[in-house]
Structure formats: C-alpha cells, structure tokens
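**Student:** Next comes the sequence, and after it the predicted model I'd like to discuss.
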Amino acid sequence: MFQVDAKIKGLDVYRVGGAVRDALLGWPVVDNDWVVVGATPEVMQQRGFKPVGRDFPVFLHPDTAEEYALARTERKSGHGYSGFEVHASPDVTLEEDLSRRDLTINAIAQRFDGALTDPFNGQRDIEQRLLRHVSSAFSEDPLRVLRTARFLARYAHLGFAIAPETLELMREVSRSGELSHLAAERVWIETEKALGEPNPDRYFTALNECEALAAWWPELTDDLVLANALEAMTLETIAQLAIDSSLPLAHWRYALLVSVLNDAQRDVLAIRLRLPNAVTQLARHVALSKGILAEPLSDECVLHWLERLDGWRKPAQVDAQLQLIKRLAESTVEPLSRAWQAAQSVDPQVLLKAGYRGAALGKALREHRQQAVASALY
C-alpha cells in the first residue's frame, strides 16, 4: 500500500513496474514509477506536476520528484529503441498500458490500497522464477534483449531463468539485425547496470545463448575467450577492490572482462560502445597490470608500467592497480610497492639544482627513477 497525497487524490494512480516486482520479491525498492489512468496533460499540470517527457507525457511530482506517466500504448514505426509512435489519452486502460511492457514480472500494477492488477500472470512467473515476455511485441524493441539478460544477472541467484520461448524470441531479434540499430550509449547503460548485478556473467552467457554477442561484442563470441573473460571478471574479492580503490565495481568488472583481449581488440570495443574515457583507461591499466604479472619483474618493465599508468602525475592510478595486484598475486605486490615508493622519492628539484634542463632533465630523471626501482627490487 502507499499513501495518497493531495496532489494525486482523485486520480486513478497505480504503482507499476520494478517497484511492484521487487516488493513482491522482497528485493529493496529504490525508485517508484507511477501510471495515471484517465487523466490529461492539462489535469496533471493544473495539479502542479512538471512535464518532462519529450515523446510521451511523463510528469514529475512537485514534492517527491517521482515520475508519473499517463497510460499509453505504443506502435512500432522505425528501427531501434526509439522507433515508436506513442498514444496517450484518457481512454487508454491500465491493462493496455501494462501490455506494452517487456516481461510479465514488470507488468504488474498496484493500487493505493495494495490491490494488484496482474493481467499477464507476473506473480505466477515470480513464483516459478521465470523471465517471460508479455507478448510478441517484445521483439519490436531490441533493447529488451539486453534488459532481459540484465534481469537474469540480477535475479539468477534467486533461481530465475529465461523462459525458453522468450529466449527463442531474443534469438529471433538477434538474427533480425535490429540490435545494430541501438545507440551505443544505450547498450553501454544496460551493460554497465548488468556489470553491477550479483551475477554479471549471466548477462553475457544469456546474450551469447541468444546470439546477441555478435552485434556488439564480437570479440567475445569465441567460447574459450568468453569463458576466460568471465573467469577473469568474477574475481572473488572484486567488491572489496572497488571499495578500497573508490572506483565503481561495474568498471572494474568490465576492465577485467576485456583484459583477456589484445590492445587492438579492447580499443575497437571501446570505440564501438563509445565508452566513457575513465572506463577505457581503467581497462588499459588492468591489462598493463596483468601483463606485468606475466613476466619476471625487472627495473625496465616496472618503470615502463609506472610510466604507462601516468604515475608521476596521477599516483592514485598506481595505487588502484596495486590494490588489484594484491588480489591477483599477493606475493608480487610488496616488491612493486617498494619500487613505486622508491621511484616517487626521486626529486626533480635536486636534478634541476644540479643543472639539468630540458631533454637532459627528462633523461636524467628517468635514469634515477630506474636506479631507484632496481635498488628496491634486487
């Protein structure tokens, strides 16, 4: 049940989607989404709601800032995630609004008194732990393939699986080529969310099973490469690594996932997904750190590692990689930490006072740092 405030009193309002689903699952409810049946944009604005929807009527509550959307239907009119014509009017019923949603577990509405409207048996699918599509209209929005895989990453540990008929529909969408019409930013948003879920590996295995990996992650379609990538990503102590380094868990997971690829593959993938610079950089840094663990430590390779991490200007980047190495190869972190501290102790001001300038200063600084690293390692 939820409280009816003065702004929505008299309106036919329902809590919908994820808030209802997660409440039924006993999962934390973070955000509420609401649908209003039988109202008009004028009615909402008269009550102080602020319109924010460009393509369909969505309004922000003036006090809570929660989203209230007018009941609507959709019709496919183009490619991709945004290729829809939206119809919102007072004659659209609650059931019609729910019928446009992706999965049955997301197509449940709750009235203020707690009564549930569940025309597609979402409660049954919650009990049976199934991710099942509402209707064949599922295939009209290719983003739903990624969303379904993301929900599996979230709920797999609760015993959820994708219904066979839904998986087959996802496969049909993949084969249609519609996934290629998605905006890279939308693909990354779904992927980043999935990487933050309890079982992120299930996102990629589901996409592989429905043949969706080839559209956006062709570098991972080889079974052995994918297995190695998922093994690298599921480092047991990665959650603590994210806390210790203050870098997002999802970004660490992505960096570890693609660390099994070569430099060219990682860069192409980053361009294709239009990744934020911070994610691309972390992926490069993780690959560097795993590379240094694959060979005997030497003063030259350690100095090169520090230089590639831009350690002199951004020491936090080295500290973050040392946290990673501590979890990958604990015996190696101590000599690397000593070498890093030794290299940091080289003072450029001392060399300036000795008369070094320009290129000569840079050369002398590197030589002294390499000597310091060598002393710390041997």
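**Tutor:** Nice, I can see it. Quantities reported herein were computed from a predicted structural model and do not represent experimental measurements.

**Student:** Now do the contacts for Ser174.
**Tutor:** Contacts for Ser174 (C-beta atoms under 8 Å, 6 or more residues apart in numbering) come out as 145, 210-212, 214-215. For the C-beta atoms, the positions are set from N, CA and C on the backbone; glycine is no exception.

**Student:** try 7 Å this time
**Tutor:** Ser174 makes contact with 145, 210-212, 215 under the criterion C-beta atoms under 7 Å, 6 or more residues apart in numbering.

**Student:** ok, now Trp217?
**Tutor:** Trp217 makes contact with Leu269 under the criterion C-beta under 7 Å, 6+ apart.

**Student:** Check Leu146 too.
**Tutor:** If you count contacts by C-beta under 7 Å, 6+ apart, Leu146 has them with 187, 190.

**Student:** Following element in sequence after the strand or helix carrying it, please.
**Tutor:** For Leu146, the host element (DSSP states H and E) is helix 143-155. Sequence-wise, the next helix or strand downstream of helix 143-155 (DSSP H and E) is strand 161-162.

**Student:** sorry, back to before: relative to the whole chain's centre, how far out is the helix holding Leu146?
**Tutor:** Put simply, helix 143-155 sits 11 Å off its chain's centre (C-alpha atoms, centre = their mean, to the nearest Å).

**Student:** what do you get for stretch 335-349?
**Tutor:** Computed by C-alpha atoms, centre = their mean, the chain-centroid distance of stretch 335-349 equals 36 Å.

**Student:** same deal with stretch 310-326?
**Tutor:** So, by C-alpha atoms, centre = their mean, the centroid of stretch 310-326 is 23 Å from its chain's centroid.

**Student:** Which positions in that stretch come out as buried?
**Tutor:** 311, 317-326 (16 or more other C-beta atoms under 10 Å).

**Student:** Pull the residues that contact that stretch.
**Tutor:** Stretch 310-326 is contacted by residues 241, 244-245, 247, 285-286, 289, 293, 306, 309, 332-333, 336-337, 340 when judged by C-beta under 7 Å, 6+ apart.

**Student:** With stretch 261-275 instead?
**Tutor:** In contact with stretch 261-275 (C-beta under 7 Å, 6+ apart) are residues 184-185, 187-188, 216-217, 219, 258, 280, 283, 287.

**Student:** let's go with 6 Å and repeat that
**Tutor:** Here stretch 261-275 makes contact (C-beta atoms under 6 Å, 6 or more residues apart in numbering) with 184, 188, 219, 258, 280, 283.

**Student:** still on that earlier bit, and which of the contacts of stretch 310-326 is nearest Ala156?
**Tutor:** Proximity of the contacts of stretch 310-326 to Ala156 (C-beta to C-beta) peaks at Leu241, which lies at 22.0 Å.

**Student:** Toward the C-terminus, what is the element adjacent to the helix or strand containing the closest one?
**Tutor:** Assigned by DSSP H and E, Leu241 belongs to helix 238-245. Proceeding N to C from helix 238-245, the next assigned helix or strand is helix 249-257, under DSSP H and E.

**Student:** what packs against that next one?
**Tutor:** For helix 249-257, the contact count by 3 or more C-beta pairs under 6 Å, 6 or more residues apart in numbering; DSSP states H and E identifies helix 184-195, helix 223-233, helix 238-245, helix 277-293 as packing neighbours.

**Student:** Quick check: what element follows that helix along the chain?
**Tutor:** helix 263-273.

**Student:** and the angle for that next one with helix 223-233?
**Tutor:** Computed by axes from the mean of the first three to the mean of the last three C-alpha atoms, to 10 degrees, the angle separating helix 263-273 from helix 223-233 equals 80 degrees.

**Student:** quick one: Ala372 from Glu96, how far?
**Tutor:** 71 Å (C-beta to C-beta, to the nearest Å).

**Student:** Pick out whichever of these two has more residues nearby.
**Tutor:** More crowded of Ala372 and Glu96, by other C-beta atoms under 10 Å: Ala372, with 21 against 15.

**Student:** So for the more buried one, what pLDDT did the model give?
**Tutor:** With respect to pLDDT, Ala372 scores 96.

**Student:** my guess is it meets Gln344, correct?
**Tutor:** No - between Ala372 and Gln344 there is no contact under C-beta atoms under 6 Å: 8.6 Å.

**Student:** In which helix or strand does Thr166 reside?
**Tutor:** helix 164-176.

**Student:** residues touching Pro198, list them.
**Tutor:** His157.

**Student:** Now it, what are its backbone angles?
**Tutor:** Note on Pro198: its backbone torsions stand at phi -60, psi -30 [degrees, to the nearest 10].

**Student:** Also Val134?
**Tutor:** Phi and psi for Val134, reported as degrees, to the nearest 10, are phi -70, psi -50.

**Student:** So it versus Ala163, what's the distance?
**Tutor:** For Val134, the distance to Ala163 - C-beta to C-beta - is 11 Å.

**Student:** Neighbour count for these two, which is higher?
**Tutor:** Using other C-beta under 10 Å as the criterion, Val134 and Ala163 rank with Val134 on top: 22 against 17.

**Student:** Kindly state the pLDDT recorded for the more buried one?
**Tutor:** pLDDT, Val134: 97.

**Student:** likewise Phe2?
**Tutor:** What the model reports as pLDDT for Phe2 is 67.

**Student:** Can you tell me which of the contacts of stretch 261-275 lies closest to Val52?
**Tutor:** Nearest to Val52 among the contacts of stretch 261-275: Trp188, at 22.8 Å, using C-beta to C-beta.

**Student:** lowest confidence element among the helices and strands of the chain?
**Tutor:** Least confident element among the helices and strands of the chain, by mean pLDDT, DSSP states H and E: strand 84-88 (a mean of 70).
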